[in-house]
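Asks: Provide a 3D model corresponding to the input given below.
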Amino acid sequence: MSEFILYVSNTANGYKSLIPLEEFACDYEMKTLDLPAGEQYQPKFMKLSPLGRIPVLETSTDGSVQTIYGTEAIAIFLAERYGKFLEPVGEERYKTLEMTSMITSDIALPMAVQFQVDILVEGEHPAVIEYFSDQARRLYGNLDSIMQERPWLAGDDYTIADMLAYPAVAISALRIPGMLNEMHALNAWAEKVGARPAVKAAMAQLTQ
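Replies: Here you go, the predicted model:
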């Protein structure tokens with residue numbers, strides 16, 4: 001039996017949890033939910049995730065089942081469990097947590113709304129899509145400016161912040177054609193992250 005079960009879907013958030021699992025070489029099983037079909041609202045899954053949202057990581061600790069919801073919480077849980085990619089104390093730890101929060105809230109929000117309105121909501125809503133696309137362009141531009149100043153998102157070292165940010169660039173941003181064309185620092189960073197063996201393994205999971 002695997003140490004972890006990851007409940008996930010073929011979205012950027014799915015990859016944001018797969019990358020840490022691969023980077024920490026975890027023994028895990030993946031269960032994929034069909035979001036457009038509403039599988040996330042089935043009673044069995046709602047017991048694990050009361051909001052009916054993914055990703056959820058399930059594990060057993062001392063005989064009791066533990067569930068962790070959300071990409072940021074899962075990444076921090078794994079980093080603290082294995083003692084890598086997040087400093088235990090100090091300025092570097094909080095810079096990493098600052099960047100993980102920025103990625104999972106500020107950067108993720110406009111892309112999440114754009115995805116939901118464009119894919120999940122019936123009908124045409126061009127004004128809403130364009131508004132959140134403009135917000136995404138501004139925020140990704142800010143991210144590109146950050147990457148002009150440092151090799152990795154939180155500073156000198158690769159951390160869980162980079163793991164969480166990569167799908168936002170490699171997947172979510174592609175829904176807005178041409179958005180990344182002039183963001184050279186961000187693209188160079190994405191190439192470095194995408195070349196990591198664990199990241200390659202994670203990105204292959206939901207495309208199989």
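
Asks: ramachandran coordinates for the residue of the chain positioned farthest from its centre?
Replies: Distance to the chain centre peaks in the chain at residue 63, reaching 28.8 Å (criterion: Cα atoms, centre = their mean). Main-chain torsions, residue 63, degrees, to the nearest 10: phi 90, psi -10.

Asks: pLDDT wise, what is it at?
Replies: Residue 63 carries a pLDDT value of 75.

Asks: where does this protein have its least confident helix or strand?
Replies: Across the helices and strands of the chain, the lowest-confidence element by mean pLDDT, DSSP states H and E is helix 108-115, at a mean of 77.

Asks: low-confidence stretches in the chain?
Replies: In the predicted model of the chain, residues 118-120, 207-208 satisfy pLDDT under 70.

Asks: correct me, but residue 164 touches residue 101?
Replies: No - using Cβ atoms under 8 Å, residue 164 is not in contact with residue 101, being 9.7 Å away. For glycine as for every other residue, the C-beta is placed from the backbone atoms N, C-alpha and C.

Asks: more crowded one of those two?
Replies: It is residue 164, of residue 164 and residue 101, that has more neighbours when counted by other Cβ atoms under 10 Å, with 29 against 14.

Asks: contacts only, for that one.
Replies: Counting by Cβ atoms under 8 Å, 6 or more residues apart in numbering, residue 164 touches 16, 19, 71, 72, 75, 100, 103, 104.

Asks: got the angle for the helix or strand hosting it vs helix 108-115?
Replies: According to DSSP states H and E, residue 164 maps onto helix 160-170. Helix 160-170 and helix 108-115 are oriented at 30 degrees to each other (axes from the mean of the first three to the mean of the last three Cα atoms, to 10 degrees).

Asks: quick one: distance of helix 160-170 to the chain centre.
Replies: Distance of helix 160-170 from its chain centroid, counting by Cα atoms, centre = their mean, to the nearest Å, is 6 Å.

Asks: and for stretch 162-173?
Replies: In terms of Cα atoms, centre = their mean, the centre of stretch 162-173 is set 7 Å apart from its chain centre.

Asks: CA atoms of it as PDB?
Replies: Taking Å, rounded to 0.1, in the frame of the first residue of the first chain, the C-alpha atoms of stretch 162-173 are listed here in PDB:
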ATOM      1  CA  ASP A 162       9.500  27.000  -7.600                       C
ATOM      2  CA  MET A 163       7.600  23.700  -7.600                       C
ATOM      3  CA  LEU A 164       4.300  25.500  -7.100                       C
ATOM      4  CA  ALA A 165       5.000  28.200  -9.600                       C
ATOM      5  CA  TYR A 166       6.100  26.100 -12.500                       C
ATOM      6  CA  PRO A 167       2.700  24.800 -13.500                       C
ATOM      7  CA  ALA A 168       1.400  28.300 -13.500                       C
ATOM      8  CA  VAL A 169       3.900  29.200 -16.200                       C
ATOM      9  CA  ALA A 170       4.100  25.900 -18.100                       C
ATOM     10  CA  ILE A 171       0.300  25.200 -18.200                       C
ATOM     11  CA  SER A 172      -2.000  28.100 -17.000                       C
ATOM     12  CA  ALA A 173      -0.200  30.900 -18.800                       C
END
